[in-house]
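# Here is the input, now give the coordinates:
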Amino acid sequence: MSARVTIRDVARAAGVSVTAVSHSLNGKGTLAEATRQRVREVAEQLGYQPNPLARGMRRSPIGGVGLMLRPLDTLGTYRPHGVDYFTRLSGAVAVECLDRGMGVMLTRDLTQLPRSPLALSLDGYIIDDPV
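Numbering: from 1, shown residues only. Reported below is the predicted structural model:
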């Protein structure tokens, strides 16, 4: 399995800063059009895909937090927490969010496809790993 191409990889290959890559791919900043085009081409050649968690956190607030629980079945026989742990965690997160006027949404692992467009637009994420 190959490693995920990061924005830093694109910056290094294009000979620009991480900020220049971000601005090029998001149509921001005051970069020359030639630089923007070069960065886009390098990103495409490397197969760069934006990180969905980072993208979701940059958007305007909608009043929702994503709760991503890693599945227990990925642990094999080692299970440090039972279902009770996840039930209590989910309940505590929901209470804290509601006390702050926010909603909570259970989400699947956002690094996996397919991704829910709503899940990608949440204000923040709590990622729990059973280990």
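
# SS state for V104?
What DSSP: H, G, I helix; E, B strand; the rest coil gives for V104 is strand.

# So what pairs up with it in the strands?
Going by DSSP bridges, V104 is paired in beta bridges with V65.

# which secondary structure elements does the helix ranked longest in the chain contact?
Secondary structure of the chain per DSSP state H: the longest helix is helix 83-99. Other helices and strands packing on helix 83-99, by 3 or more C-beta pairs under 8 Å, 6 or more residues apart in numbering; DSSP states H and E, are strand 64-69, strand 103-107, strand 124-128. C-beta here means a position set from N, CA and C on the backbone, and glycine is covered the same way.

# most tightly surrounded among those?
Per residue and on average, the most neighbours among the helices and strands packed on helix 83-99 fall to strand 64-69, with a mean of 20 (mean count of other C-beta atoms under 10 Å).
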